[in-house]
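K.L.:
One predicted model, sequence on top.
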Amino acid sequence: MVTEMLPVVLVHGGAGQIPKERSQMSTSGVCSAARSGYLVLQGGGSSMDAVVEAVTQLENNPSFNAGCGSVLNITGEVEMDAIVMDGKTLASGAVSAVRNIANPVQLARLVMEKTSHACLTAEGASKFARSMGVPEVPQESLITDYSRMRWKKNLVPDANPVECQMGKMGTVGAVAVDAEGNVACATSTGGMLNKMEGRVGDTPCIGSGGYADNLVGAVSTTGHGETIMKVTLARLILFHMEQGQSAEAASDLGLAYMKSRVGGIGGVVTVDPKGNWAPRFSSLQMAWAAAQNDTLHYGLYTGEHFTQAIDDPH
Ligand SMILES: NC(=O)C[C@H](N)C(=O)O
């Protein structure tokens, strides 16, 4: 029955290949984020409230490349990108190359709700944050020993930051459908390891880092941004859903096209307005978790799908 399918929230912790010693942290991080998003939905919150809550938690978790734990750019600094989109109105908000804030996803939501624009960047985004009373945080509070170690390692002349980036779980994202059938998405990232200053990836670009439309569904993406932008991955998947494909089949078609056409590896979380959902990825791993019908679902490797009651401790 359709009512049992709603509400639902589905989150990811980035496509890639995760070092063994860090996999447990990623899995428990996505599980608790999905649980929090689900609590918001159960309390009558909207899908937008739920995805922002889930992504905020993942930004605050140093295991992920977003908020605290973000990768560093070539000069050793943190510049973050984020997007939110509301499937009811097609309103979206994004920030790019923003510094010194803990939760870019919340600022992206403020851009959507409090300005007439869809994206603010760099210093302009910071000024807007200040005007909204968003606290400025010292950059040091966003940098972990792990991210500094990886930055240093990739400064050597023959380093391959793109390959190394795919060796770590990254970007975070969420999609949700609330009891009214409204869909929403949110994605947040520190971007690519050792990127140029001012580099803007796929994440804040509508249709690439995410897209949400009540008539079709919602998607949040992860992977090499420059490649995702070539195929506007989120919108491509929704296009396949418009053509009649399921969330799962459409996600696979989008990822397969990205691989065959431009050699890109990535991952997505996708929902349709009825509450069907799919975490799909062409990378070795993607930590994901979903909450629906008082059940928590999660996995890390292709084909992995564990379930437990939502209130069982992980
Ligand atoms: N790990 C990621 O998903 C990175 C992100 N898509 C970017 O290119 O900024």
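P.N.:
Now that the structure is in, tell me what you want to look at.

K.L.:
so how many other residues sit close to residue 258?
P.N.:
25 (other Cβ atoms under 10 Å). Where C-beta positions appear, they are placed from N, C-alpha and C, glycine not excepted.

K.L.:
show me what contacts it?
P.N.:
By Cβ atoms under 8 Å, 6 or more residues apart in numbering, the contact set of residue 258 is 223, 227-228, 230-231, 233, 236, 264-266, 282.

K.L.:
if you set the cut-off to 7 Å instead, what comes out?
P.N.:
Residues near residue 258 by Cβ atoms under 7 Å, 6 or more residues apart in numbering: 227, 231, 233, 264, 266.

K.L.:
cool, and residue 136?
P.N.:
Residue 136 makes contact with 100-101, according to Cβ under 7 Å, 6+ apart.

K.L.:
so is it in a helix, a strand, or just coil?
P.N.:
Secondary structure, DSSP: H, G, I helix; E, B strand; the rest coil: residue 136 is coil.

K.L.:
try residue 39
P.N.:
Secondary structure, three-state DSSP: residue 39 is helix.

K.L.:
for it, what are its contacts?
P.N.:
Shown in contact with residue 39 (Cβ under 7 Å, 6+ apart): no residues.

K.L.:
the helices in the stretch 101-250 of the chain, which residues?
P.N.:
For the stretch 101-250 of the chain, the helices defined by DSSP state H, counting those that start in this stretch occupy 104-114, 122-131, 145-153, 161-165, 225-231, 233-242, 247-262.

K.L.:
Packing partners of the second one?
P.N.:
Other elements packing on helix 122-131 under the criterion 3 or more Cβ pairs under 7 Å, 6 or more residues apart in numbering; DSSP states H and E are strand 92-98.

K.L.:
Identify the residues contacting the strand it packs on?
P.N.:
Outside strand 92-98, the residues within contact range by Cβ under 7 Å, 6+ apart are 79-85, 104, 107-113, 118-122, 125-126, 198, 200, 204, 206.

K.L.:
Please pick the buried ones from those residues.
P.N.:
By neighbour count, with 16 or more other Cβ atoms under 10 Å, these hold 79-85, 104, 107-112, 118-122, 125-126, 200, 204, 206 as buried.
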